[in-house]
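Visitor: fold the following for me, if possible:
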Amino acid sequence: MTEVYDVAVLGAGPGGYVAALRAAQLGLRVALVEQARIGGTCLNVGCIPTKALVTATDLLVRARRAAEYGVHIPEAAPDLERMMAYQRAAVERLVGGVEQLLKERKVTVIRGRGRLVRPDALAVADGAEQTTEVTARHIILAPGSVTARPPIPGLDLPGVVTSTEALDVSTVPAHLIVIGGGVIGLEFACIYEALGSRITVLEMMPNLLPGAADEAISKRLAALLRRRGMDIRTGATVQAVEEAGAGQALTLRVRFATAKGEEAVEGDRVLLATGRWPNTADLGLEEVGVQMNRRAIAVDEYLQTNIPNVWAIGDAVGGMMLAHKAMVDGRVAVENIAGQKRAVDYRSVPSAIFTSPEVAGVGLTEEQARQQGADVRVLQFPFSANPRAQILGETEGLVRIVCEAGSGRVLGVHMMGPHVTELIAEGALAVQTGATADDLAWTTHAHPTLTEAVLEAALGFRGAMIHYHHRKA
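Guide: Numbers count the residues shown, from 1 in each chain. The predicted structure follows:
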């Protein structure tokens, strides 16, 4: 007799494995279907290995500055073989940890490519061309996303890589051309810059980090990266990638259009970083009748599709393609399956961008708040006036708090500077709970810490900044 699970999850990325673990916690019988490795893109070829490289290259940059701190390091240079071993070890530890959790909670892991064949069944094909049918009362679709490949001629040329191939730093290109100035493109730009590459970034939109960062902060980041020597081209629409030289020294030429006309830049490696698309092709969705929103799976506020017992989460539903958002989606879907009534709430989903310096944000930007008709005040405090940032020697950047002009309710918090990917949690809590600038200002922050930059910005609502005099324009 075929076993009928309570929940079958298609995809073991952050959304999928969290959904499986939460369902098992609630006493449900769970099957988790995955064709590759547990952890999906994030753990294996995304968030985790990228941040391992960020950690290694950040240490390299700081070691090169050791003399500023009174420390003598004769020579700081990358050891690429050991760096790759460190990266792989970080991935293996985390993947192994998730696998152990699934085992302990008795989640049945089924290996193979899954397709929806009925509203209550997945067909799972393994590498031996054997197909198993997995039946469940509820199915959660968590197939994740894939690298977006726009119709640019030449993307299949040798030397053109995606973020997955860029993780293998066996050689460092002399000149890396990055197509796309979003999160992925800029994180890799900073990694390879630290390793010694000359960097050119081509971004189609007017500003870097489009849709991912406050405009004022993205402009400051662009100015800082240019001062460091990066060639940042915004408003640049890539037209083609071509071979410009052959033999041992392969050169690639990228042609792009700007308001000034057509231009070109040559380098020895090109990184395609134009975002990601929902991974929904060939999953049987249309055949079963799952309603789509272009490439994304259409869901309601409870993450339910138009088929009552089929749910979808994470990157597959579009919107913010972030691992932590997918994790929350997984919990929401499972709790609704278990009989609760919980709607998704994306107001406090933070962005954490591991550039150098880091960028983070949560809630509404100033532009978004004004577009919604809000009467806002923007409070700012620079890290150059923060004692801890001065001690660290990392004073570039600032904290921006977007709040209602009357009540002071925090609508958004946006930052650039040291460790802001950690500091943004305070902003997320403020947005989620409806806290005001006064609430932040009367919360005692430890001294000397970077979090005092948030405190000082909040004090600005009453004109009470202690350590900075903000001159009015």
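Visitor: secondary structure element for residue 82?
Guide: According to DSSP states H and E, residue 82 maps onto helix 80-104.
Visitor: and the helix or strand that that helix is followed by, what's buried?
Guide: Sequence-wise, the next helix or strand downstream of helix 80-104 (DSSP H and E) is strand 108-111. Under the neighbour-count criterion of 16 or more other Cβ atoms under 10 Å, strand 108-111 has 108-111 buried. For glycine as for every other residue, the C-beta is placed from the backbone atoms N, C-alpha and C.
Visitor: what's strand 108-111 in contact with?
Guide: If you take Cβ atoms under 8 Å, 6 or more residues apart in numbering as the criterion, strand 108-111 is touched by 5, 12, 29-35, 38, 99, 102, 124, 126, 132, 134.
Visitor: which of the residues you listed has the largest number of neighbours?
Guide: Using other Cβ atoms under 10 Å as the neighbour test, these are led by residue 12, with 31 neighbours.
Visitor: from residue 272, how far off is it?
Guide: Residue 12 sits 26 Å away from residue 272, going by Cβ to Cβ, to the nearest Å.
Visitor: pick out the residue closest to the middle of this protein.
Guide: Centrality entry for the chain: nearest residue to the mean C-alpha point is residue 322, 5.0 Å, by Cα atoms, centre = their mean.
Visitor: per-residue pLDDT, the nearest residue in space to that residue that is not next to it in sequence?
Guide: In space, and not counting its chain neighbours, residue 322 is closest to residue 349: 6.6 Å by Cβ to Cβ, 6 or more residues apart in numbering. For residue 349, the model assigns a pLDDT of 97.
Visitor: domain assignment for the chain?
Guide: 4-147+277-337, 160-274, 357-462 (automatic domain parsing).
Visitor: tell me the helix or strand right after the strand ranked longest in the chain.
Guide: Of all the segments of type strand in the chain, defined by DSSP state E, the longest one is strand 131-141. Downstream of strand 131-141, the next assigned helix or strand under DSSP H and E is strand 145-147.
Visitor: mind listing the strands that next one pairs with, and their directions?
Guide: Here strand 145-147 has these sheet partners by DSSP bridges: strand 276-278 (antiparallel).
Visitor: off-centre distance for the partner strand?
Guide: On the basis of Cα atoms, centre = their mean, to the nearest Å, strand 276-278 sits 13 Å off its chain's mean C-alpha point.
Visitor: identify the residues contacting that strand?
Guide: So strand 276-278 is contacted by 143, 145-148, 295-297, 315-318, 321 (Cβ under 8 Å, 6+ apart).
Visitor: show me where this protein has helices.
Guide: Applying DSSP state H to the chain gives helices spanning 14-25, 40-45, 47-64, 80-104, 163-166, 183-195, 215-228, 285-288, 323-337, 366-371, 387-392, 420-433, 437-441, 452-459.
Visitor: which other helices and strands contact the fourth one?
Guide: This means helix 80-104. Applying 3 or more Cβ pairs under 8 Å, 6 or more residues apart in numbering; DSSP states H and E, one finds that helix 80-104 contacts helix 14-25, helix 40-45, helix 47-64.
Visitor: how does it look with 10 Å?
Guide: For helix 80-104, the packing partners by 3 or more Cβ pairs under 10 Å, 6 or more residues apart in numbering; DSSP states H and E come out as helix 14-25, helix 40-45, helix 47-64, strand 108-111.
Visitor: can you check the last one too?
Guide: Using 3+ Cβ pairs under 10 Å, 6+ apart as the contact definition, the elements that helix 452-459 packs against are strand 376-382, helix 387-392, strand 398-404, strand 410-417, helix 420-433, helix 437-441.
Visitor: so where's the stretch 151-300 of the chain shaky on pLDDT?
Guide: 246-249 (pLDDT under 70).
Visitor: still on that earlier bit, mind putting the contacts of strand 276-278 in JSON lines, distance to residue 207 included?
Guide: Formatted as JSON lines, the contacts of strand 276-278 follow (distance: Cβ to Cβ, whole Å):
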{"residue": "143", "distance to residue 207": "31"}
{"residue": "145", "distance to residue 207": "23"}
{"residue": "146", "distance to residue 207": "26"}
{"residue": "147", "distance to residue 207": "22"}
{"residue": "148", "distance to residue 207": "19"}
{"residue": "295", "distance to residue 207": "25"}
{"residue": "296", "distance to residue 207": "25"}
{"residue": "297", "distance to residue 207": "30"}
{"residue": "315", "distance to residue 207": "24"}
{"residue": "316", "distance to residue 207": "28"}
{"residue": "317", "distance to residue 207": "26"}
{"residue": "318", "distance to residue 207": "22"}
{"residue": "321", "distance to residue 207": "19"}
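Visitor: right, I'll call it a day here.
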